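K.L.:
structure, please.
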Amino acid sequence: MPAIHTINSIHWMLLRRLLAVWLLVALAVTGIGYYIEVNKFEEGLAAIAASEMRTLSAKVAPDGDKEQQVLAEETKDFIRKHYLWIRVYNHHGRLVRELYNPKYTNLTEALKATMSPMPHDGRRHFETRDINGQKVIHILVTLSTPESPSPLYFEGAFLLDQQTQDQQQEKIWRMLAFILFASLATVIAVYPIVLLLYRSLLKASKDILRGNLEIASVLGTAIAKRDSDTGEHNYRVTLYAIRLAEAVNLPMAEMRSLILGAFLHDVGKIGIPDAILLKPGRLSETEFAAMRKHVELGLDIVAPSHWLLIARDIIGKHHEKYDGSGYPLGLCGEAIPLTARIFAIVDVFDALTSHRPYKVPMPVEDAVSILLKHSGQHFDPALVGQFTRIVADIHAEICAKSEAELAEKLGQLLPDYFLHET
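P.N.:
Got it, this is the predicted structure:
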């Protein structure tokens, strides 16, 4: 049974998750944007290639889109200034046109020595190479022109000078900055909406959890009243159990199991006949065997409830003994769950020091002596040692409190274990 987050923890949880989502989305969109920008540059080269490979001075179509015209002009200018060589192949792969730029003869020879042939497979191929410290673009595209119905292959190598690289990077960085800003602004705008929804969910969850705890408490008190005409026992043993569990640093999840189990440890007694349950004297062997069935009955009662199942270790094992002489399974030592070993000590201690119609309360010192006497037999000796160090103060604090006062005190502690983030 997880704890319910506080509003402060929700703030941090939401921020972490939204920022994580923002980072993932930003990275994904940035990668797509980067690909689009690079692809745009490649497309520009391919778009101009058909006309440039014939004359290197073709005009841009006047009816073209303004953005396309600008892109075409920029790309055409780039080709004019920066081509190393341009080749055109027919659909059989035969070279039909070749242009070399004498300005880049040495760079062209160095590129030819390192480049691999690009396949004429109808797809565009594009790669960037570093040649003698300079960046060169090698591209191959398939062209279709009115003059040549069969596809032509345009292959070219272009020097990407530093100015062009800087311009391209500036475009990309502007695009990336816009994406990051837009996605972050979206996260900031969404945050208060999600937080408002979480607040509503938190309130509903707390109300449901409080209701469940109250039902468990009422059920445990009802059984206690049937057994001993008092609900104080359930509250006291729960408070004792919490303090002992805190002393041994019981994990939070097990603390919740301990508290709920303390409420419901004797819930199975609802199925025990009054003649046995309320008998003032010693039980016969047959009666005791019937009384022991309250453990099995208790497990059956909570079995259909997912929420109450965390109490089953105490319901089913709080009568086990450290030396293995307990019931119903005869478990011994650390085979007994820690929560059940804690509860066994506080349950017996409260029974010894509480008033009952058939007995007077035992002094704390005498009860502690009994615990020590049975340490290693009935009880976990390490836990007894811890309990004897703290029990006097705890007993003095709660022994004289009424049922209502005990309920109020326990109610003040429960939010720390059930309503807060662990």
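
K.L.:
and residue 407, that's in a helix?
P.N.:
Yes. Counting by DSSP: H, G, I helix; E, B strand; the rest coil, residue 407 is part of a helix.

K.L.:
surely it and residue 217 touch.
P.N.:
Yes. At 7.5 Å, residue 407 counts as touching residue 217 under the criterion of CB atoms under 8 Å. For glycine as for every other residue, the C-beta is placed from the backbone atoms N, C-alpha and C.

K.L.:
looking at these two, which is more packed in?
P.N.:
residue 217 (22 against 17; other CB atoms under 10 Å).

K.L.:
give me the buried positions along stretch 404-419.
P.N.:
By 16 or more other CB atoms under 10 Å, the buried positions in stretch 404-419 come out as 406-407, 410, 414-415, 417-419.

K.L.:
run the chain-centre distance for that stretch.
P.N.:
Distance, stretch centre to chain centre, for stretch 404-419: 29 Å (CA atoms, centre = their mean, to the nearest Å).

K.L.:
any idea of the mean pLDDT for it?
P.N.:
Here stretch 404-419 scores 80 as its mean pLDDT.

K.L.:
swap in stretch 251-259?
P.N.:
Mean per-residue pLDDT for stretch 251-259: 90.

K.L.:
please apply the same query to stretch 379-386.
P.N.:
Computed over stretch 379-386, the mean pLDDT rounds to 96.

K.L.:
kindly report the same for stretch 107-117.
P.N.:
Here stretch 107-117 scores 84 as its mean pLDDT.

K.L.:
how far off centre is that stretch?
P.N.:
Distance of stretch 107-117 from the chain centroid (CA atoms, centre = their mean) equals 52 Å.

K.L.:
got the CA positions of that stretch in PDB?
P.N.:
Below are the C-alpha coordinates for stretch 107-117, written out as PDB (Å, rounded to 0.1, in the frame of the first residue of the first chain):
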ATOM      1  CA  LEU A 107      41.600  19.100 -53.700                       C
ATOM      2  CA  THR A 108      39.800  17.200 -56.500                       C
ATOM      3  CA  GLU A 109      42.700  14.700 -56.900                       C
ATOM      4  CA  ALA A 110      42.800  14.200 -53.100                       C
ATOM      5  CA  LEU A 111      39.100  13.500 -53.000                       C
ATOM      6  CA  LYS A 112      39.300  11.000 -55.900                       C
ATOM      7  CA  ALA A 113      42.000   9.100 -54.000                       C
ATOM      8  CA  THR A 114      39.800   8.600 -51.000                       C
ATOM      9  CA  MET A 115      36.100   8.500 -52.200                       C
ATOM     10  CA  SER A 116      34.100   5.400 -52.900                       C
ATOM     11  CA  PRO A 117      31.900   5.100 -56.000                       C
END
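
K.L.:
thanks a lot, see you next time.
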